[in-house]
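Asker: Following is a predicted model, sequence given first.
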Amino acid sequence: MLHPYNRAVPERGGKYEVLTTEAREGFLETLRVRGPGGEGRLYWFEVHDPEARAAFFQYRNAIKRLERLGALPPGVEISAKPGRYYVFWPAAGEVAPPKGRRARRQLAEIEAALRPFGYRLSEAVVGSEGGRTRVLELHPFPSAPAEPAPSAPPRRRRAPVAWLPGLVLAALGALLLLAGAQRYFNPPSVTLPNLVGKTADEARRALRHAGLVLQFVPDSRPDAPAGVILEQDPPPGTRLKPGRRVQLVYNRPELRQVPALAGKTRAEAEAALSELGYRVAPPAETYDAAPVDTVLASDPPAGTPLAAGETVRLLVSRGPLPRRTLVPDLEDADPEEAKALLELAGLQLGQEERLPSPLPEGTLLAQSPKPGTVIETGAPVVTARAVHPEVLVPEAPATPPPGPTPTETTPPPPGTPPATEAPPLAEGERRVPLEVRLPPDLEGRKVRLLVQDENGTRVLYEGPTQKGWRLEGEVAIKGRAHFRLYVGDYLYQEWTVEP
């Protein structure tokens, strides 16, 4: 809404929109308004007598003096036209408090400019803006006005007690200003922690609130992990003020290339690796036509970029293959790896048996001879690996005859209900034959058979099995059907019947 007393507002469509009335003191009304430049506070003077007129022009002259001093923020407006006596102060945003020697000098200039007009610095809101200390707002009265007496002179008098709040605020402001200046010119110091052995990120986090300048200097030391702090200057325990520099030397090992070592002796290869700053792991050995302790290869291979301090493993010769050898352990090796290990041992991969098992396909179940057995070179080693036999799924007949639902035949587990006539088929359903048998080594295990089609997921059978167990019959399905057979908790077999 528009304020009824503000005759400047409704003129030409209105300039200030009154948001709220904050206070009324005799001829002075304090309003919160919104204008073309944003929100702010507007002091409206009802100038109908000499006292109000004198108070307004005293206030205006003080503001003019601040303007000549360059201590006003942009947007301050003064109106002294008849019937429109007001001063508008724009709302201040985030403003930093005045700090430093220059700010103290500017505050003294502002106080000297206000003193001839009866105002004190404690009655102004000041802040630092653009490197300059400015008066963001000045209250029209130095303190709360007293009630005017009938015979009072035009200039209002204030009781001495009325100055007390201003004096208290001024004292508090001076104390805060002094504390801020003390902290600015004498910032608190911090004790430098021990950063040796930490990573660069850990060092930054440890000193993130200390205000110190970190300088990282790289160095290459093969005997230390990459990226850790090796040295620090100043040393731990030193007390530093914000802005001081701390030098941190961190490890960045130099990248080199693994040399070509094939054909050298083990001693020569280890000496060459140590000279380059590499660690040498215990070597792997194998039989070869090369002399004993001759290097056959390295891991990583020759030419690989590798930082100093990393580990290199050598493959060395144990000499020519003897007539008798040890059978290696093939437990974690796939067929190709098993063949390679046996060839290195002077043996060959013999017949590989495939045994039904719920273990993952290709898992090694047994090997003969057993690992560690001493046998003649060139002898075969027989292995047995897990295989998942396919479940027998008969083809669906062209015209499915009615029949019983899937049941066990030989022998049924205790408590299994006898076979009954299957219910009539619903619309879109068809019957498919089903026959499930388990390998002998899985008999006696708990099994669960599920089917999922357009009718949802349902259990066809769940329970233990016995010797000779099988599940056969017909199943009514609708659309595409997916069967899953679990042995224990392991998905043993799954298949799909298309529409």
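Answerer: Structure received.
Asker: Quickly list the domain ranges of this protein.
Answerer: In the assignment given by automatic domain parsing, the structural domains of the chain cover 11-148+157-182, 190-251, 255-317, 324-387, 407-497.
Asker: End to end on the shortest one, go ahead and measure it.
Answerer: Going back to what we said before, that points to domain 190-251. Counting by CA to CA, to the nearest Å, the length from the leading to the trailing residue of domain 190-251 is 26 Å.
Asker: With mean pLDDT and mean neighbour count added, can I get the domains of the chain in CSV?
Answerer: To be clear about C-beta, it is placed using only N, CA and C from the backbone, and glycine gets the same treatment. Below are the domains of the chain laid out as CSV (pLDDT from 0 to 100; neighbours: other CB atoms under 10 Å):
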stretch, mean pLDDT, mean neighbour count
domain 11-148+157-182, 80, 15
domain 190-251, 85, 15
domain 255-317, 91, 16
domain 324-387, 85, 15
domain 407-497, 80, 15
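Asker: All the helices of the stretch 201-350 of the chain, in order from the start?
Answerer: 266-275, 335-344 (DSSP state H, counting those that start in this stretch).
Asker: Give me the contacts around the last one.
Answerer: Outside helix 335-344, the residues that touch it by CB atoms under 8 Å, 6 or more residues apart in numbering are 286-287, 328, 330, 333, 348-349, 352, 362, 364, 381, 383, 385.
Asker: Mind picking the two most distant members of these?
Answerer: Based on CB to CB, the longest span within the contacts of helix 335-344 runs between Tyr287 and Gly362 and measures 27.8 Å.
Asker: Show me the strands in the stretch 1-150 of the chain, by range?
Answerer: Ranges of strands within the stretch 1-150 of the chain are 17-25, 28-35, 38-45, 77-81, 84-90, 124-129, 132-138, based on DSSP state E, counting those that start in this stretch.
Asker: Let me fix that, I meant to ask about the stretch 151-300 of the chain.
Answerer: 190-191, 213-219, 229-233, 239-240, 245-251, 255-257, 279-280, 284-286, 295-299.
Asker: I'd like the ones you listed as CSV, with distance to Arg24 appended.
Answerer: Written out in CSV, the entries for the strands of the stretch 151-300 of the chain read as follows (distance: least, CB to CB, whole Å):
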stretch, distance to Arg24
strand 190-191, 53
strand 213-219, 56
strand 229-233, 66
strand 239-240, 56
strand 245-251, 59
strand 255-257, 80
strand 279-280, 86
strand 284-286, 96
strand 295-299, 90
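Asker: What distance do you get for the closest residue to Lys64 other than its chain neighbours to Glu352?
Answerer: Excluding the flanking residues, the one nearest Lys64 by CB to CB, 6 or more residues apart in numbering is Ile78, at 7.8 Å. For Ile78, the distance to Glu352 under the criterion CB to CB, to the nearest Å works out to 103 Å.
Asker: repeat for Ser368
Answerer: When distances are taken as CB to CB, Ser368 and Glu352 turn out to be 11 Å apart.
Asker: Common neighbours of those two, please.
Answerer: Overlap between the neighbourhoods of Ser368 and Glu352 consists of Val382, Thr383, taking contacts as CB under 8 Å, 6+ apart.
Asker: Which ones among the contacts of helix 335-344 map onto strands?
Answerer: Thr286, Gln348, Leu349, Glu352, Leu364, Val381, Thr383, Arg385 (DSSP state E).
Asker: Among these, which one sits closest to Gly100?
Answerer: Checking the ones in strands among the contacts of helix 335-344 one by one against Gly100 (CB to CB), the nearest turns out to be Thr286, at 77.2 Å.
Asker: who's in contact with the spatially closest residue to Thr363 that is not a sequence neighbour?
Answerer: Nearest residue to Thr363, sequence neighbours excluded (CB to CB, 6+ apart): Ala386, at 4.3 Å. Going by CB under 8 Å, 6+ apart, Ala386 touches Arg354, Leu355, Pro356, Ser357, Pro358, Leu359, Pro360, Glu361, Gly362, Thr363, Leu365.
Asker: In TSV: the helices of the stretch 201-350 of the chain, plus distance to Ala112.
Answerer: As requested, the helices of the stretch 201-350 of the chain are exported to TSV (distance: least, CB to CB, whole Å):
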stretch	distance to Ala112
helix 266-275	79
helix 335-344	93
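Asker: now for those, which one comes closest to Phe483?
Answerer: Distance to Phe483, taken as CB to CB, is lowest for helix 335-344 among the helices of the stretch 201-350 of the chain, at 30.0 Å.
Asker: I'd like the distance between Tyr486 and Leu321.
Answerer: Applying CB to CB, one obtains 48 Å for the distance of Tyr486 from Leu321.
Asker: One more: Glu67?
Answerer: Following CB to CB, the distance that separates Glu67 from Leu321 is 104 Å.
Asker: do Leu164 as well
Answerer: Remark: distance between Leu164 and Leu321 (CB to CB) = 108 Å.
Asker: okay, which residue is most central for this structure?
Answerer: For the chain, Asp201 is the residue whose C-alpha lies nearest the centre (CA atoms, centre = their mean; 14.9 Å).
Asker: Now for that one: which residues touch it?
Answerer: Taking CB under 8 Å, 6+ apart, we find Asp201 in contact with no residue.
Asker: Quick check: the gap between it and Ala379.
Answerer: The gap separating Asp201 from Ala379 is 58 Å, by CB to CB.
Asker: Glu376 touches Leu321, doesn't it?
Answerer: No - contact between Glu376 and Leu321 fails when scored by CB atoms under 8 Å: they sit 11.3 Å apart.
Asker: Common neighbours of those two, please.
Answerer: Common neighbours of Glu376 and Leu321 (criterion: CB under 8 Å, 6+ apart): none identified.
Asker: thinking again about what came up before, from the contacts of helix 335-344, which is closest to Pro424?
Answerer: Proximity of those to Pro424, judged by CB to CB, is greatest for Gly362, which lies at 46.0 Å.
Asker: wait, that closest one sits on Ala384?
Answerer: No - using CB under 8 Å, Gly362 makes no contact with Ala384, being 11.2 Å away.
Asker: Before I go, just wanted to say thanks for your time.
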